[in-house]
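# Sharing a sequence plus its predicted fold:
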Amino acid sequence: MELRLGRHEYGGNRCKMTTHPQYRIGLGHDTHRFTAGDHLQLGSVRVPADRAFLAHSDGDVLIHAIMDALLGAAALGDIGEMFPDNDPANRGRDSAEMLRQVKKLLDERNWKIINLDCIVFLQSPKLGPYKAEIQSRLAMILDLEPTQIGVKAKTGEGIGFIGREEGASAECVALLQSRDL
């Protein structure tokens with residue numbers, strides 16, 4: 001695979017990039033604390049639990065991290081700018097619907113998602129039984145193959161806010177490719 005960074009114009013001691021890179025990488029992160037509830041929304045999958053995320057939207061930390069990674073890779077800001085928590089329209093909003101909007105924005109700007117690599121940091125419940133469903137659901141939302149999405153789960157090993165079961169976090173790395181070649 002060839003990684004092309006664009007055409008360069010040389011003049012004097014300067015090198016000016018005349019096109020945007022063919023590939024872009026973005027990193028996303030999100031954290032939410034817990035509140036009373038009966039499930040955690042993760043990757044648009046309802047995971048039974050004795051708690052829920054305390055959030056303005058549905059609190060899906062995984063989708064929020066994915067959106068930030070995608071928006072960052074495309075240099076389009078972050079989810080706080082696109083879906084502010086002080087906007088009543090975002091109260092209780094389905095994160096999957098917001099992710100569809102981010103995907104549409106990427107499509108309009110000619111970015112293709114190559115892959116996502118995600119980690120959910122959560123002491124309990126264990127996510128092993130739900131990872132394939134989460135992968136499939138995310139692939140459906142983003143019009144990808146499930147093999148383009150890695151989903152991993154890590155505990156806090158009993159330490160920190162994750163280990164004390166005060167909340168959960170997620171991180172995602174996204175690789176985009178320009179369709180403007």
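Thanks, I have the structure now.
# Which residue ranges of this structure form helices?
Assigned by DSSP state H, the helices in the chain fall at 61-73, 79-82, 95-108, 131-142, 160-163.
# just checking, residue 153 touches residue 124?
No. Using C-beta atoms under 8 Å, residue 153 is not in contact with residue 124; the gap is 10.4 Å. No exception for glycine: its C-beta is placed from N, CA and C like everyone else's.
# Pick out whichever of the two has more residues nearby.
residue 153 (20 against 12; other C-beta atoms under 10 Å).
# where along this protein do the strands fall?
For the chain, strands defined by DSSP state E occupy the ranges 8-11, 14-17, 23-35, 39-42, 45-48, 52-53, 111-121, 149-154, 167-178.
# who wins for proximity to residue 66 among the ones you listed?
Of all these, strand 167-178 sits nearest to residue 66, with 4.7 Å by C-beta to C-beta.
# Pull up the pairing partners for that closest one, direction included.
strand 23-35 (antiparallel), strand 111-121 (antiparallel) (DSSP bridges).
# hang on, the earlier thing: packed most tightly, which of the strands of the chain would that be?
strand 39-42 (a mean of 24; mean count of other C-beta atoms under 10 Å).
# Can you name every helix or strand that that strand contacts?
strand 45-48, strand 52-53 (3 or more C-beta pairs under 8 Å, 6 or more residues apart in numbering; DSSP states H and E).
# and the longest one, how far out from the chain's middle?
Taking C-alpha atoms, centre = their mean, to the nearest Å, the mean C-alpha location of strand 45-48 is offset from the chain mean by 18 Å.
# ditto for the shortest one
Computed by C-alpha atoms, centre = their mean, the separation of strand 52-53 from the middle of its chain amounts to 18 Å.
# picking that back up, any chance of the helices and strands packed on strand 39-42 in JSON lines, with distance to residue 131 too?
Putting the helices and strands packed on strand 39-42 into JSON lines (distance: least, C-beta to C-beta, whole Å) gives the following:
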{"stretch": "strand 45-48", "distance to residue 131": "9"}
{"stretch": "strand 52-53", "distance to residue 131": "18"}
